[in-house]
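K.L.:
Could you work out the structure for the sequence below:
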Amino acid sequence: MNITVYLGSASGKDPKYAREVRKLGAWIGSAGHRLIYGGSRIGLMGELAEAVLVAGGEVIGVEPEFFVNSCLQHDGITELIVTDTMAERKTRLIELGDAYIAFPGGTGTLEEISEVMSQVRLGHNESPCIILNLDGYYEPLRVMLDRMVQEGFLDRESRDKFLFAADTEEIGRILG
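P.N.:
Down below sits the predicted model:
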């Protein structure tokens, strides 16, 4: 399975993020899945790619040329796909994925998983969409989605397609 993971190129302030991203990478690699991600060597992105590789998995990065020109790409991954724009990168990350995970991250992570959620909502993508709600990181998003249902802007059936997992073990149970 190709698993697209959206996450930050920053490491975050708490070491728990690096610990959990390494667990996620180890699970992806050891389970025989392929990581699809943003292609960077820095922050949580780099930690995730390294963990997958150490566990014997394949890693495909998708990175826009301007990041490559800044030498942010991970040179040790299985394959690097270089795009012209961020929009093209987002499209490729979705096209390549069989499942999507939002790890804690910033506005880019939120933007990318939101696009997947919109596709799922419209019925254009039936793949699992999982939000890793590590220590409640995405709890405000869960509350917002439930409020959308309550206010009539999102139907319950679509809302229930956005899965929240507390940790890597729960992701493993969801994806099998």
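K.L.:
In this structure, which strand is the longest?
P.N.:
The longest strand of the chain (DSSP state E) is strand 58-64.
K.L.:
pLDDT on that strand, on average?
P.N.:
Per-residue pLDDT over strand 58-64 has a mean of 95.
K.L.:
What's the first helix or strand after that strand?
P.N.:
Toward the C-terminal end, the helix or strand that comes next after strand 58-64 (DSSP states H and E) is helix 65-69.
K.L.:
Tally up the residues packed near the spatially closest residue to residue 154 that is not a sequence neighbour, please.
P.N.:
Once flanking residues are discounted, residue 154 sits nearest to residue 148: 3.8 Å by C-beta to C-beta, 6 or more residues apart in numbering. (C-beta placed from N, C-alpha, C; glycine too.) Neighbours of residue 148 under the rule other C-beta atoms under 10 Å: 14.
K.L.:
Check what contacts the longest strand of the chain and list those residues.
P.N.:
With contact meaning C-beta atoms under 8 Å, 6 or more residues apart in numbering, strand 58-64 is reached by 2, 34-40, 49, 52-53, 72-74, 77-86, 88-89, 92-93, 96.
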